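S.K.: With the sequence up front, the predicted model follows.
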Amino acid sequence: MSVFNPSNAPASPPERRAASDCGCDGSVGFPGSAAYILFDLDGTLTDPKEGITRCVQYALSKFGIQAECDALTNFIGPPLEESFGRFYGLSPADSKKAVGYYRERFTDVGIFENGVIDGIPELLLALTSAGAVLALATSKPQVFAARILEKYN
């Protein structure tokens, strides 16, 4: 297992694949006891690219920085405050302000500029039907994660 370190982060997220591409026959079973399965939200259950990159673009514009959304995919995953400093050289104080601007747009607009990754609803149904207990882990604030989960049921 490797530990994420922002200094060795890839320039862009890995290629997205449908959940149905897992290479299994679709049958799931947990004999003897329930399985506890932890999922990440962004990039695992949902594709957040549009919402995250547009919100980063909005935040950067407040500092006079223009960036194309496709150049901002490196913001998906790592903590925002660190990313603004690392990728655009913002000071810690300005990085904190940038996160505020990001959330200003994300709260009502960006939060719903995402979609469930193909095959995920069927996968989650199969897992819960087989007795798995599912949970979510995300660096996203809980209030935002809850709203996204509610939207997609």
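M.R.: Looks like it came in fine.
S.K.: gap between Glu68 and Glu150?
M.R.: Distance of Glu68 to Glu150, given as C-beta to C-beta, to the nearest Å: 31 Å. Just so you know, the C-beta spots here come from the backbone N, C-alpha and C atoms, and that holds for glycine as well.
S.K.: which residues in the protein form strands?
M.R.: Counting by DSSP state E, the chain has strands at residues 36-40, 46-47, 115-116, 133-137.
S.K.: Tabulate these in TSV, adding columns for mean pLDDT, distance to Glu122 and mean neighbour count.
M.R.: Formatted as TSV, the strands of the chain follow (pLDDT from 0 to 100; distance: least, C-beta to C-beta, whole Å; neighbours: other C-beta atoms under 10 Å):
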stretch	mean pLDDT	distance to Glu122	mean neighbour count
strand 36-40	93	14	12
strand 46-47	94	15	20
strand 115-116	94	10	15
strand 133-137	92	14	12
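S.K.: I'd like to know which of those lies nearest to Ser61.
M.R.: strand 46-47 (23.2 Å; C-beta to C-beta).
S.K.: and Asp94, what pLDDT?
M.R.: pLDDT, Asp94: 98.
S.K.: do you know how far it is from Lys62?
M.R.: 10 Å.
S.K.: next one: Val109
M.R.: Counting by C-beta to C-beta - Val109 and Lys62 are separated by 15 Å.
S.K.: Report the distance from the helix ranked longest in the chain to the chain centre.
M.R.: As assigned by DSSP state H, the longest helix anywhere in the chain is helix 92-106. Averaging C-alpha positions (C-alpha atoms, centre = their mean, to the nearest Å) puts helix 92-106 17 Å from its chain's average.
S.K.: tell me which residues in that helix are buried?
M.R.: 95, 97-99, 101-103, 105-106 (16 or more other C-beta atoms under 10 Å).
S.K.: distance of the residue most central in space within the chain from Gly115?
M.R.: With distances taken as C-alpha atoms, centre = their mean, the residue of the chain nearest its centroid is Asp42 (1.9 Å). Noted for Asp42: a distance of 12 Å to Gly115, by C-beta to C-beta.
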